[in-house]
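A.B. asks: Give me a 3D structure for the following:
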Amino acid sequence: MTRPELLERYRALPLPTTKDEHWRFTDLAGFDPDAWSADGAAALAVPPSLVDVDVAGVAHVGESGIEIERAPEGIRFEPLTDEHEHLYSLVGPDEKFAAHNAALWEHGLLVHVPRGVVLEQPLYVRVANSVEGGSLFWRLLIVAEPESRFALIEEYASSSPELSSYSNAAVEIVVQQAAKVEYVSVQNLSRATWHFASHHARVERDAELDWVAAGFGSAKGKVRIQNDLAGQGATSRVTGAYFADGTQHLDYDTFQEHIAPSTTSDFAFKGALRDKARTVWRGMIRVEEGAQKTNAYQENRNLLLSKTAHADSIPGLEILANDVRCTHGATLGQVDRDQLFYLMTRGLDRAEAERLIVRGFFQDVLDRVELEPVREALAAALEARIPQA
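C.D. replies: The predicted model follows:
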């Protein structure tokens, strides 16, 4: 489809409402995606990155589009164009926000790593909204050829904590036979940003995807995460950590699609909430008829740090094969008052005690993060959300 055709497709699709099952807990009343100015990218003036790590390649969104500061030899780490064969193969114009992205994206990055290439240091890209009242449509396409191995860190940021903007992202990840990709996506947008994103990966025979999704910023929106286990022996592991406070509303919609036999998926999402924040997690494991020997797991656990915070968890299974192992779980709990009292009797103030409890709550998901600088940055960011006494 051409860009004008994609724009018509976007206009024809209705804005989701709470009558739509997947939007039941996220009300978009009062939000108009067409009310924002055309481009939120400007000269980069954003806070320091959450993640401090030595990298092999660096890219960021600036006034002239995607700017490549450094790129390793032997791979394609370059601006994305409309011509790539894998573009729209995973995130097409099939729902309102994905169609909006397909029609209007200008800033995109292609990461294409050839067969057998191993990068010892990660690649890094930063997507920054910098214009008040602006919109930024971002697109990332990752292609890992057979037996390649690399990591990529993607960070969403705003030029100021008060910046009001609309962020729309689409990410497609193709992990070919026996390749391994570590993909880290950190969302740290301003509290006045509406953020919508569709992330979709296809993992082929004997390939592995290790995915970390961290959510700290934005006012409201929805993030979709889908993994297709498309080849025998494919493995995906997705680790999510989020912290919401004030009146933030974070919504995660995850989908594990087991298409081939002997595939494994492991989703673990944990969140902490305080003040009047609200989170939604909806997870679905689907096992196709021929996907025997599937091993799938999903969990969502939330820690409430105030009586006015609220979390909704909706796990689901759809199994069409008869030789599988699929489990899921969801929990919701307040801070353990006895634990809090014990820590405070040992000389800690309430804020310090809550920070220790939060660190303990997230420790098992943090332990799943392979890149140590990322693991430590996420731990620090989570603990920093507890106000000082």
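A.B. asks: Please count neighbours and contacts with C-alpha atoms only from this point.
C.D. replies: Will do.
A.B. asks: Now do the same contact list for the nearest residue to residue 326 once chain neighbours are set aside.
C.D. replies: Spatially, and ignoring its direct neighbours in sequence, residue 326 is nearest to residue 296 (4.7 Å; CA to CA, 6 or more residues apart in numbering). Taking CA atoms under 8 Å, 6 or more residues apart in numbering, we find residue 296 in contact with 264-266, 285, 325-327.
A.B. asks: out of those residues, which are inside strands?
C.D. replies: 264-266, 285, 325-327 (DSSP state E).
A.B. asks: one step back: report the beta-bridge partners for the residue nearest to residue 326.
C.D. replies: Beta-bridge partners for residue 296, by DSSP bridges, are residue 265, residue 326.
A.B. asks: The one 5 residues further on too?
C.D. replies: The bridge-partner assignment for residue 301, based on DSSP bridges, gives residue 270, residue 331.
A.B. asks: so it makes contact with residue 331?
C.D. replies: Yes - counting by CA atoms under 8 Å, residue 331 is a contact partner of residue 301 at 4.7 Å.
A.B. asks: which residues are in contact with the least confident helix or strand in the chain by mean pLDDT?
C.D. replies: Sorting the helices and strands of the chain by mean pLDDT, DSSP states H and E puts helix 337-345 at the bottom, at a mean of 77. Residues outside helix 337-345 that contact it (CA under 8 Å, 6+ apart) are 350, 353-354, 357.
A.B. asks: out of those residues, who's nearest residue 78?
C.D. replies: residue 357 (42.5 Å; CA to CA).
A.B. asks: quick one: the closest one and residue 65, what's the gap?
C.D. replies: 42 Å (CA to CA, to the nearest Å).
A.B. asks: more neighbours, the two?
C.D. replies: A side-by-side neighbour count of residue 357 and residue 65, using other CA atoms under 10 Å, places residue 357 first with 19 against 15.
A.B. asks: I'd like the mean pLDDT over the helix or strand the more buried one falls within, please.
C.D. replies: Using DSSP states H and E, residue 357 maps to helix 350-366. For helix 350-366, mean pLDDT is 87.
A.B. asks: And the next helix or strand past it?
C.D. replies: helix 372-384.
A.B. asks: buried residues in that following helix?
C.D. replies: When burial is assessed from 16 or more other CA atoms under 10 Å, helix 372-384 yields the following buried residues: 374-376, 378-379, 381-383.
A.B. asks: swap in stretch 82-96?
C.D. replies: 87-88, 90-93, 96.
A.B. asks: Ok, stretch 155-168 next?
C.D. replies: Buried residues in stretch 155-168 (16+ other CA under 10 Å): 155-161, 163-168.
A.B. asks: What is the distance between that stretch and the centre of its chain?
C.D. replies: Its chain's C-alpha centre and that of stretch 155-168 lie 15 Å apart, by CA atoms, centre = their mean, to the nearest Å.
A.B. asks: Return the alpha-carbon coordinates of it using CSV.
C.D. replies: Provided in CSV are the C-alpha atoms of stretch 155-168 (Å, rounded to 0.1, in the frame of the first residue of the first chain):
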residue,chain,number,x,y,z
GLU,A,155,15.1,4.3,24.8
TYR,A,156,12.1,6.6,24.5
ALA,A,157,12.6,10.0,26.2
SER,A,158,11.2,13.6,26.3
SER,A,159,13.1,16.8,26.3
SER,A,160,11.4,17.9,29.5
PRO,A,161,9.3,16.3,32.2
GLU,A,162,6.4,18.6,31.3
LEU,A,163,6.4,18.1,27.6
SER,A,164,3.0,17.4,26.1
SER,A,165,3.2,15.1,23.1
TYR,A,166,1.9,12.1,21.2
SER,A,167,4.3,9.2,20.7
ASN,A,168,3.5,6.4,18.2
